[in-house]
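Student: predicted coordinates and the sequence they were generated for:
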Amino acid sequence: MLFDTRPKTKLEDLFDRIDERKAFEDALYNYPLVIVTGLRRVGKSSLIKAMLNELQEISIFLDGRSLYSSSGGNITHFHLISQIESELARVSLKYKIVKFLKELRGVSIKGNSITLIRKELDLSSLMERLNEFAAKNGKNIILYIDEAQYLKYYGSRGGKDLLTLLAFIYDNLHNTKLVITGSEIGLLHDFLKLSDYESPLYGRAYSEICIEPFKRKTSIEFLKKGFAQINLPVSFDIEEVVNILDGIPGYLVLFGVKYREFLDVKEAIEKVFNYLSGMISSELKELEKRSPRYLKILKHIAAGVDSWAGLKRLLIASGDIVGDSRLYEALNILQQTSWIKKADGKYNIVDPVLKRVINGISE
Ligand SMILES: Nc1ncnc2c1ncn2[C@@H]1O[C@H](COP(=O)(O)OP(=O)(O)O)[C@@H](O)[C@H]1O
Ligand SMILES: [Mg+2]
């Protein structure tokens, strides 16, 4: 069903994305490392989950965002191992990995259940063993790390220990593929540091797939199909809705869900915005923790101030005496976190819904 707010996990539920599916599959079998980027709620996780399910490879899923929030922003070996442990439990339902892991230090097997002993387990040995299992069975292990920019908060060295593990996997485990996503595109690259020669992953070749919002026509088709699936006649102008919500599938899904509930377009759109401002304001709070300046800048940009000079003038007028390098840094962070984009020297919020939500936030 299209109007389901969780990431899709089956191809039959994935709308369109024909080119992206092919690009993903090609990348997966031609590169040890595939990076999938795109705005929040554009459908990165859906594409990957549906494809991995289809390709019948053995996937191990690590969720950067949930690791970050469940650890209170300080991800340790303990948190990481816990997630891997539950992934192994899931995988072992389908594949006979239990026997294969028996002899490994740090792995305790009782019946069919696998317990990882945090202090003893060496992750690279575990990955090595899983890789061997995959090779023997004509499969690949896909280590899929979602919203990986959060893993910068792993350990005490900005996630470097994890990058070392990824580099080991990349170089040595030929039946293991790395699939890494991030909504905060600049931060993701900042974490992976593929072009920083001091980084463990330096110089490795990779394929990057950027998922774009749906084109206008696809968005309209998406809504039509979604409503047809739930047998709800469309008695309003779908184009009007797409004019407002644009092409991020996550927003369209939300609209579908809310329309089904309230049977009123205006109210449904209103609810979409309410929901998103809730979601976005928690993300904004994270930003504000770093500096209240970010929200101020976002609000100015949302209101149409698109130049460096204009932003500087307004900040100073509001009593924030910001220096050039500080303003530069703040704008840089906002670009890295995908809140804004700079094109032809002008700053803009690309996502029109985000723009509207920010415009509606009172200080
Ligand atoms: N191609 C698609 N077909 C159907 N639903 C989609 C598609 N892409 C995204 N969605 C829906 O949009 C929402 C956000 O998708 P998700 O995959 O979680 O995005 P991301 O991982 O980029 O944040 C989910 O409700 C998901 O089901
Ligand atoms: Mg996702």
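Tutor: Now that the structure is in, tell me what you want to look at. Residues are numbered from 1 along each chain as shown. Ligands and ions are numbered 1, 2, ... in the order given.
Student: and residue 176, what are its phi and psi?
Tutor: The phi and psi values for residue 176, taken as degrees, to the nearest 10, are phi -120, psi 130.
Student: could I get the contacting residues of it?
Tutor: Neighbouring residues of residue 176 by CB atoms under 8 Å, 6 or more residues apart in numbering: 32, 127, 130, 131, 134, 140, 141, 142, 143, 169. For every residue, glycine as well, the C-beta is placed using N, CA and C.
Student: and the residues you listed, which two are furthest apart?
Tutor: Within the contacts of residue 176, 32 and 130 form the most distant pair, 14.9 Å apart (CB to CB).
Student: and the protein, which of its residues are near ligand 1?
Tutor: When proximity is defined as CB under 6 Å from any ligand atom, the chain approaches ligand 1 at 2, 4-8, 14-17, 38, 40-46, 183, 249-250, 253.
Student: quick one: low-confidence residue ranges for the stretch 51-200 of the chain.
Tutor: Within the stretch 51-200 of the chain, no stretch has pLDDT under 70.
Student: which of the residues of the chain next to ligand 1 fall in helices?
Tutor: Per DSSP state H, helices hold the following members of these: 44, 45, 46, 249, 250, 253.
Student: can I get those residues in TSV with neighbour count?
Tutor: Below are these laid out as TSV (neighbours: other CB atoms under 10 Å):
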residue	neighbour count
44	23
45	22
46	24
249	24
250	20
253	25
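Student: CSV please, covering these and showing pLDDT.
Tutor: Output for these, formatted as CSV (pLDDT from 0 to 100):
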residue, pLDDT
44, 98
45, 98
46, 98
249, 98
250, 97
253, 98
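Student: tell me the bridge partners for residue 144.
Tutor: Legend: beta-bridge partners of residue 144 under DSSP bridges are residue 61, residue 179.
Student: tell me the buried residues in stretch 91-105?
Tutor: 91, 92, 97, 98, 100, 101, 104 (16 or more other CB atoms under 10 Å).
Student: and for stretch 167-185?
Tutor: Buried residues in stretch 167-185, counting neighbours by 16+ other CB under 10 Å, are found at 167-170, 173, 175-185.
Student: what do you get for stretch 265-279?
Tutor: Neighbour counts over stretch 265-279 (16+ other CB under 10 Å) mark 265, 268, 269, 271, 272, 273, 275, 276, 277 as buried.
Student: by pLDDT, give me the weakest of the residues you listed.
Tutor: The lowest pLDDT within these belongs to residue 277, which sits at 84.
Student: ok, and the closest non-adjacent residue to that one?
Tutor: Distance criterion CB to CB, 6 or more residues apart in numbering; nearest residue to residue 277, sequence neighbours excluded, is residue 357 at 4.6 Å.
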